[in-house]
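> the following comprises the amino acid sequence and a computationally predicted model.
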Amino acid sequence: MILHEVEKSDRSHIEEGQLEGLKRTIKTVYENVPFYKKAFDKSGVTHEDIKDLTDIRKLPFTVKKDLRDHYPFGLFAVNRKNLVRVHASSGTSGKPTVVGYTENDISSWADLIARAITIAGGKPGDMLHNAYGYGLFTGGLGLHHGGERLKVTVVPASGGNTDRQIQLIEDFEPELLACTPSYALNIAERMQELGKDPRKTSLKYGIFGAEPWSEEMRKRLEDLLGIKACDIYGLSEIMGPGVAMECHEAQDGLHIADDHFLVEVINPETLEPVKEGEQGELVFTSLKKEGFPIIRYRTGDIASITTEKCKCGRTTTRMSRIKGRIDDMIIIRGVNVFPSEVEHHLIGFAELVPHYQLHLKNDGKLDRVLLHVEVKESLYQEWDGKLDSPGALELIEKLKHTIKTFCLVNMDVILTEPKGIPRSEGKAVRVVDHRKKDKVLQK
């Protein structure tokens, strides 16, 4: 196993480098980004006031609204003409967030993705089937250039056309598959429908991310595909994929690239730091980016961190798997529930396939959650397609009891026929909110 220098450094050396990068970044954004100059002047803090890493708490947070308020290029630290690429979010909930990269940024990103692929088990000479979407989304191009940097052969399959993806995997015999976990599940299930055994492909490792997924989903994918399934993390606002990567040896947390990013975990309500090992909202500061450096960015992702040395030998900070996003958290009568918590319990039911959606409805003053889950083909046939049969009604009651017991909320369970839940070729849609529409209709 080959480790990058930072991955085997002691904590004092890592933190020394982080402090140097933090001071440099603060100075850069103060001199080149009016938004940060105004914010730092208001807080009365400059780079000279940063004596240790905890001093970062003196600085204000950056949130997604700040990016949208300065759309498209208002938070860039270089002239737009010095950028070689821009990426952007979908903008489905407002203006898209736009990020930019200098030539050095793209090179650094490729280095980090190459490191991430290595952590996941890849090596030069391997083949990477890249089914992340290409375009403004950072996933496809991020994995692509990192793979080339590591000198793996990259198959730029992008998303969609699942039958064609399967043919390429069979014909080209890649060792690595990169995509969202929900799409990996889609590929495996489609192979079974075609009478193929997903475990008999050449695949050895999966690099799955871009959406929260449970440990149970990992076990399901590993069993279906006969691979080691590893989690990759990143946001376009921070860089893109490659901010952190789970190692295939331990599969016990994602190794953060400490030489490029400084992570904090805060209580999202009090904004105070939480203790190491406790869950809270991840906050990232970039330490080396030129085009779009960012200070204390509130990601909205819920996780914990540890600085304990990993079983694989790496000493970098590790973050837990993402429990969920604050944006995706469902609050029903005062109880907070993440879709990943629901998934955790659904996969334990042998009668179901691991596809589900949570539909939020409003009946007068009360919110309701309708849990749509899909039954297996064999069971559906056994019931003669009747989802109100005694067996179906018994399953519904078991599901309702499990969710109530472990998630502490009541949900109306709706069984669907096989393929009744839309399949994902990118990020899975787990929550469908009808509440605004319902309130309009009630008026």
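Alright, I've got the coordinates.
> how many residues are close by the nearest residue to residue 249 once chain neighbours are set aside?
Once flanking residues are discounted, residue 249 sits nearest to residue 312: 4.1 Å by Cβ to Cβ, 6 or more residues apart in numbering. C-beta: built from backbone N, CA, C; applies to glycine. The burial count assigned to residue 312 is 17, neighbours taken as other Cβ atoms under 10 Å.
> was I right about residue 312 contacting residue 253?
No: applying Cβ atoms under 8 Å as the test, residue 312 and residue 253 come out as separate, 10.2 Å apart.
> buried sites along the helix ranked longest in the chain?
Using DSSP state H, we find that the single longest helix of the chain is helix 11-32. For helix 11-32, a neighbour-count test (16 or more other Cβ atoms under 10 Å) marks 14-15, 17-19, 21-23, 25-26, 28-30, 32 as buried.
> mind giving me the domain ranges of the chain?
The chain breaks down into these domains under automatic domain parsing: 1-325, 329-442.
> for the shortest one, the distance to its chain's centre please.
When C-alpha coordinates are averaged (Cα atoms, centre = their mean, to the nearest Å), domain 329-442 and its chain have centres 22 Å apart.
> circling back to that earlier point, closest to residue 116 among the buried residues of helix 11-32?
residue 14 (17.6 Å; Cβ to Cβ).
> which residue sits closest to the closest one in space, ignoring its chain neighbours?
Nearest to residue 14 is residue 258, by Cβ to Cβ, 6+ apart, at 5.0 Å.
> wait, is that neighbour part of a helix?
No: assessed with DSSP: H, G, I helix; E, B strand; the rest coil, residue 258 is coil; it does not lie in a helix.
> mind listing what it touches?
6, 14, 17-18, 316-317 (Cβ atoms under 8 Å, 6 or more residues apart in numbering).
> for residue 281, same thing?
Shown in contact with residue 281 (Cβ under 8 Å, 6+ apart): 265-268, 298-302, 326.
> ok but it is inside a helix, no?
No: read with three-state DSSP, residue 281 is strand and lies in no helix.
> quick one: it from residue 36, how far?
21 Å (Cβ to Cβ, to the nearest Å).
> what does the longest helix of the chain rub up against?
Defining contact as Cβ under 8 Å, 6+ apart, one finds that helix 11-32 is touched by 6, 36-37, 40, 46-47, 50, 52-53, 56, 59, 77-78, 258-260, 262, 285-290, 293, 295, 307, 315-316.
> and stretch 188-198, by the same measure?
162-163, 166, 170, 187, 201, 221, 224-226, 353.
> okay, buried residues for that stretch please.
Neighbour count says stretch 188-198 has 188-191, 198 buried, by 16+ other Cβ under 10 Å.
> tell me where the protein is predicted with low confidence.
1, 91-94, 364-365, 436-443 (pLDDT under 70).
> could you rerun that using 80?
Counting by pLDDT under 80, the chain has low-confidence residues at 1-2, 90-94, 331-334, 363-366, 424-426, 436-443.
> ok, longest strand in it?
Assignment by DSSP state E gives strand 352-363 as the longest strand of the chain.
> contact partners of that strand?
185, 189, 216-217, 220, 330, 339, 342-343, 346-347, 367-376, 411, 418, 421-423, 429-435, 438-439, 442.
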